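Colleague: compute the structure for the input listed below.
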Amino acid sequence: MYRVRAATPADYAEWRPLWDGYNAFYGRLNATALPEEITQATWARFFDPNEPVFALVAECDGRLAGLVHYLFHRGTIQLKPTCYLQDLFTLPEERGRGVGRSLIEAVYGEAAAVGSKRVYWHTHEGNVAGRMLYDKVAQDSGFVVYVKGL
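Modeller: Alright, predicted model coming up:
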């Protein structure tokens with residue numbers, strides 16, 4: 001139903017509304033929108049072989065229905081890289097149809113391919129619809145995230 005593949009530079013026009021929708025979901029819009037410089041740098045990183053940041057998209061009927069961004073980083077409790085699933089977004093009309101699960105499972109495959117033993121992500125406690133899916137495909141670690149802006 002959905003074809004999950006690596007994003008290409010030609011996907012920008014369809015990726016951008018998904019990215020904007022993701023950011024709006026988390027309150028980053030209008031006066032609080034991310035600076036354009038961040039969006040452009042993020043997009044460029046996906047295609048820079050020196051960057052450990054990647055983008056997959058889900059395609060259905062010739063159009064993009066979702067995106068997932070992930071990165072690899074070192075850690076102190078294992079030798080192989082850890083995979084952090086940073087951004088996941090699907091078109092509202094595609095939710096509940098398997099696109100989110102397909103994107104998450106694709107990240108699992110990419111992580112396993114590089115020897116990673118762990119994929120993790122954060123979401124807002126109020127993301128009820130997302131958490132219904134996440135509870136089916138992963139375990140809630142019970143950790144609380146603290147943030148300090150600098």
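
Colleague: run the chain-centre distance for stretch 45-64.
Modeller: Put simply, stretch 45-64 sits 10 Å off its chain's centre (Cα atoms, centre = their mean, to the nearest Å).

Colleague: buried ones in it, by neighbour count?
Modeller: Neighbour-count burial for stretch 45-64, with 16 or more other Cβ atoms under 10 Å as criterion, is recorded at R45, F46, P52, V53, F54, A55, L56, V57, A58, E59, C60, L64. C-beta here means a position set from N, CA and C on the backbone, and glycine is covered the same way.

Colleague: stretch 14-29 now?
Modeller: For stretch 14-29, by 16+ other Cβ under 10 Å, it's E14, W15, L18, W19, D20, G21, Y22, N23.

Colleague: most widely separated two among the buried residues of stretch 45-64?
Modeller: In these, two members sit farther apart than any others by Cβ to Cβ. They are P52 and C60, at 28.1 Å.

Colleague: contacting residues around the helix or strand of the chain with the lowest mean pLDDT?
Modeller: Ranked by mean pLDDT, DSSP states H and E, the helix or strand of the chain with the weakest confidence is helix 128-137, at a mean of 90. Helix 128-137 has contacts (Cβ atoms under 8 Å, 6 or more residues apart in numbering) with L88, R95, G100, R101, I104, E105, W121, T123, E125, D140.

Colleague: please redo it, this time with the cut-off set to 10 Å
Modeller: Here helix 128-137 makes contact (Cβ atoms under 10 Å, 6 or more residues apart in numbering) with 25, 85, 88-90, 92, 95-96, 98, 100-101, 104-105, 108, 119, 121, 123-125, 127, 140.

Colleague: pLDDT wise, what is the nearest residue to Y26 once chain neighbours are set aside at?
Modeller: Spatial nearest neighbour of Y26, excluding adjacent residues (Cβ to Cβ, 6 or more residues apart in numbering): H124 at 6.9 Å. In this model, H124 is scored at 88, pLDDT.
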